[in-house]
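> Based on what follows, work out the 3D shape:
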Amino acid sequence: MPGFEIFGEEERRQIQDVLDTGVLFRYGFDAARQGHWKARTFEQELAARLGIAHCHLCNSGTAALSIALAACGIGAGDEVILPPFTFVADFEAVLTAGAVPVFAEIDETLCLDPEALETALTPRTKAVIAVHMCGAMAAIDRIKAICDRKGLVLIEDTCQSVGATLRGKALGTFGHMGCFSFDPVKTITCGEGGAVVTDDAERYATAHAYADHGHDHIGNDRGAEDHPMIGYNYRISELNAAVGVAQLRKLDAILATQRNHKQALKAAMAEYGQIQFRHLPDPDGDSATFLSFMLPDEATARRTAQALGAAGADGCFYWYDNNWHYLRQWHHLKQMQTAAKLPAQLYDYCPNYSRISLPRSDAIMGRTISMQIKLAWSAEQLQTRIAAVRQVLDAL
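Numbers count the residues shown, from 1 in each chain. Here you go, the predicted structure:
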């Protein structure tokens, strides 16, 4: 990853199709577009690949989360459980929906711990966002079983794990809705883009309308469409979708390259007893965007992360100090620094985020390093990286 490493003639050709028609808007202008429907094509091809009935392409993964929450009826006062290791978009989308984020511990999958999920449930819990972090899967089958038993909405954030599977079933297709991101640094990219997927025709229709100011998209005449609901503008442009069409068609090649590069690195590191690799419920389903591993303690992890960078093994992330992906550094959430008052600030049961204690998650993240797996490495560059990693681990 990411997909921009392999931009080529395929992307240029798809973009030129759009420019030749002059139709950058994803709806209407049927005659002028000369049969080119890039957003529609992407949706059809992604749905077919995932084995799911419906897909709606939007302008970001963040938008996808907001659309999914709305389509599942999650709103004012509802509690939504999510993990503390994720991208900030998850809690932002929950707060924007008027709902209340509730954080539960992760486990060695680096994703939501099913047992911690059960402990976090309250009578106000309405939904769970299970996040598939760093290219691989949460224990989504166990999480789904809990949600089914408790009557909870399950939304999957698969933004970092397109192409990953659990025992042959695509991530993003276990819950009521799945969300994807195609931003500039994702496995495949539209430049900016996202998608929601579902097998539920009613939720799909709601998502499609909600993402386009409530338009029902019935008929070919844009001006004749009705507004069955209030919505927002989460539309993607045909130019962004065109890039995505080309990238999606490269996904198999991307996954094969990532998996080969990761396996070579993992094999070289496996002989070091002080390394514990992230637990993968299904190693064969890993999309292999990252190689995540744990050191014996926080101090060793910090030294190792610094040493890897100094040795030339760039792209190693120490998430415990990262202000985008781990709750520990989300000072804006802890202080509820908002441009305008949010509904959650009015609920007396909204957690005091500055006082949240998640000791197991802290213990895991304090020891964890994730190494980005790049597509563009030559065989020589890969061997140079392996040598650099060995040099660092030999010195531990």
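> And stretch 257-268, what's buried?
For stretch 257-268, burial by neighbour count (16 or more other CB atoms under 10 Å) applies to 257, 258, 259, 261, 262, 264, 265, 266, 268. (Glycine included, C-beta is placed from N, CA and C.)
> in stretch 16-29, what's buried?
17, 18, 21, 23, 24, 26, 27.
> Could you tell me the end-to-end distance of it?
Stretch 16-29 has an end-to-end distance of 17 Å (criterion: CA to CA, to the nearest Å).
> and what of stretch 180-196?
6 Å.
> cool, and stretch 227-236?
19 Å.
> got the contact list for that stretch?
Residues outside stretch 227-236 that contact it (CB atoms under 8 Å, 6 or more residues apart in numbering): 26-27, 39, 57-60, 63, 66-67, 190, 192-194, 206, 209-216.
> one step back: for the buried residues of stretch 257-268, give me TSV that also has secondary structure, distance to residue 287 and pLDDT.
Compiled in TSV, these are given as follows (DSSP: H, G, I helix; E, B strand; the rest coil; distance: CB to CB, whole Å; pLDDT from 0 to 100):
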residue	secondary structure	distance to residue 287	pLDDT
257	helix	11	97
258	helix	7	97
259	helix	8	98
261	helix	12	98
262	helix	10	98
264	helix	16	98
265	helix	15	98
266	helix	14	98
268	helix	20	97
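> how would you label residue 49: helix, strand or coil?
helix (DSSP: H, G, I helix; E, B strand; the rest coil).
> That one contacts residue 255, correct?
No. Counting by CB atoms under 8 Å, residue 49 stays clear of residue 255, with 11.3 Å between them.
> Those two: which has the busier surroundings?
A count of neighbours by other CB atoms under 10 Å puts residue 255 above the other of residue 49 and residue 255, at 20 against 16.
> Hmm, that one is touching residue 288, no?
Yes. If you go by CB under 8 Å, residue 255 and residue 288 touch, sitting 7.0 Å apart.
> The stretch 101-250 of the chain: helices as residue ranges?
Assigned by DSSP state H, counting those that start in this stretch, the helices in the stretch 101-250 of the chain fall at 114-120, 140-150, 201-210, 238-248.
> So the closest residue to residue 200 other than its chain neighbours versus residue 130, what's the distance?
Distances taken as CB to CB, 6 or more residues apart in numbering place residue 176 nearest to residue 200, at 6.5 Å, with adjacent residues excluded. Noted for residue 176: a distance of 11 Å to residue 130, by CB to CB, to the nearest Å.
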